[in-house]
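Trainee: I need the structure of the sequence given here:
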Amino acid sequence: MAGIFIFIVLPLVLIGLSFWMRPLVGKDLGNGDPFGGSLSARGMFGGHGLEPDETEKVPEETEPVKFDLEGLQPRSNMDSG
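Mentor: The predicted structure is shown next:
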């Protein structure tokens, strides 16, 4: 009986209650950032109002890795039975 209440009745009641409740704080009518990137970048205390630094794209200086496996001996198949 408790399982029915916890896993069926309580979630349905909470979902129904969520449609009835109103938010305690109004919507933030900011600059219309659809993904909230600037809102999260401002943090708790607001932004500093400066433009972001322009960065240059620097390519990575990597070389392809070559594996030398000729010195290894092949593994033997061991049956564990």
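Trainee: Show the pLDDT at Thr55.
Mentor: Looking at Thr55, its pLDDT is 78.
Trainee: show me where the protein has helices.
Mentor: Secondary structure of the chain (DSSP state H): helices at 2-4, 10-20, 37-42.
Trainee: Most tightly packed of those helices?
Mentor: Highest mean neighbour count among these (mean count of other CB atoms under 10 Å): helix 37-42, with a mean of 11. For the C-beta atoms, the positions are set from N, CA and C on the backbone; glycine is no exception.
Trainee: Report the helix or strand with the lowest average pLDDT across this protein.
Mentor: helix 37-42 (a mean of 60; mean pLDDT, DSSP states H and E).
Trainee: thinking again about what came up before, using TSV, lay out the helices of the chain together with distance to Phe67.
Mentor: Putting these into TSV (distance: least, CB to CB, whole Å) gives the following:
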stretch	distance to Phe67
helix 2-4	55
helix 10-20	53
helix 37-42	41
